[in-house]
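Participant: what follows is a predicted protein model with its sequence.
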Amino acid sequence: MPPAHERLAALIAASRRAVVFTGAGISTESGIPDFRSPGGVWSRMKPIYFDEFVNDEERRREAWRRVFANSSGWVGARPNAGHHAVARLVAAGKVAAVITQNVDNLHQESGVPAERVIELHGNASYATCLACGLRHELETLRQSFLGRDAIPECRECGGLVKTATISFGQAMPAEAMRRAEEETLACDLFIVLGSSLVVFPAAGFPRMAKENGARLAIVNREPTALDGHADLALHAEIGPALSAMVLPR
């Protein structure tokens, strides 16, 4: 049997419309800690639930303190070899969409057009008003919060402002979920990169693709519950694994 990276390259070469699905494992190679593993973010601090943020001023203040203290570790991180390999596959026309559980904006920074990235858990690089949806840039909010200890409010309607991420207890973004399902059902190859596939409903998309007739490839350092259903399950670092294969032209 050929090396696993050659098998992955062969699956990609044979595909007409692939989808990439990424989790925390692709970004840990950029120095961003994941949330759920031992030593991860949630082992160091308790998550703030959405209803706590909305109803408790002190929890809201704590949430913003964490943002500006970079407690989650993504500020300053740069795309790694895995992100750049995915961007090359998108540019080559092999990957139609990137569905991501990550909020770090690194796919866009690696060159994937924003319209090709489907963010299931939102984006931590900016904030939005929960009432009117207006976008707010973090640097502007940072100056007010650190300078005047002012909890961010919407400059247009005065509503609550929150980073554009999906918190525990917050509804999943309907449009992103719709687009993810549409792309999943349209693909002939579904490539999982760096996801343990334990967080639902996002983790349901690989199974949906496989049941719809697509090939399923999983690249993750640790085994996943879907390895036995995959056409290829490779336990490896994502950047080296993708960089080692010959990308289709």
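Facilitator: Happy to help now that I have it.

Participant: and Pro79, how close does it get to Glu222?
Facilitator: Pro79 sits at a distance of 22 Å from Glu222 (criterion: Cβ to Cβ, to the nearest Å). Placement of C-beta: from N, CA and C, glycine included.

Participant: more crowded one of the two?
Facilitator: Relative neighbour count places Pro79 above the other of Pro79 and Glu222, with 24 against 9, counting by other Cβ atoms under 10 Å.

Participant: how close does the closest residue in space to the more buried one that isn't next to it in sequence sit to Asp51?
Facilitator: Computed as Cβ to Cβ, 6 or more residues apart in numbering, the closest residue to Pro79 that is not its neighbour in sequence is Ser110, at 3.7 Å. Ser110 is 35 Å from Asp51, where distance means Cβ to Cβ.

Participant: which of those two has more neighbours?
Facilitator: A direct count of neighbours by other Cβ under 10 Å for Ser110 and Asp51 places Ser110 higher, at 21 against 13.

Participant: just checking, that one touches His83?
Facilitator: Yes - applying Cβ atoms under 8 Å, one finds Ser110 in contact with His83, separated by 3.8 Å.

Participant: low-confidence stretches in this structure?
Facilitator: 1-2, 34-45, 71-75, 245-249 (pLDDT under 70).

Participant: can you give me the strands for it?
Facilitator: 18-22, 95-100, 117-119, 122-129, 135-137, 161-165, 189-193, 215-219, 232-234 (DSSP state E).

Participant: domain ranges for this protein, per the record?
Facilitator: 1-32+78-121+172-249, 33-73+123-165 (automatic domain parsing).

Participant: any idea how far apart the tips of the last one sit?
Facilitator: Start to finish, the residues bounding domain 33-73+123-165 are 17 Å apart (Cα to Cα, to the nearest Å).

Participant: just stretch 123-141 next, same as before
Facilitator: 16 Å.

Participant: show me what that stretch is in contact with.
Facilitator: Residues outside stretch 123-141 that contact it (Cβ atoms under 8 Å, 6 or more residues apart in numbering) are 54, 64, 67, 72, 74, 103-105, 152, 154-157, 159-165.

Participant: let's see it at 6 Å
Facilitator: 103, 105, 152, 154, 156-157, 159-165 (Cβ atoms under 6 Å, 6 or more residues apart in numbering).

Participant: swap in stretch 218-227?
Facilitator: Taking Cβ under 6 Å, 6+ apart as the rule, stretch 218-227 contacts 25, 192-194, 196-197, 206, 230, 233-234, 238, 241.

Participant: what's the span of it from first residue to last?
Facilitator: Stretch 218-227: ends 7 Å apart by Cα to Cα.
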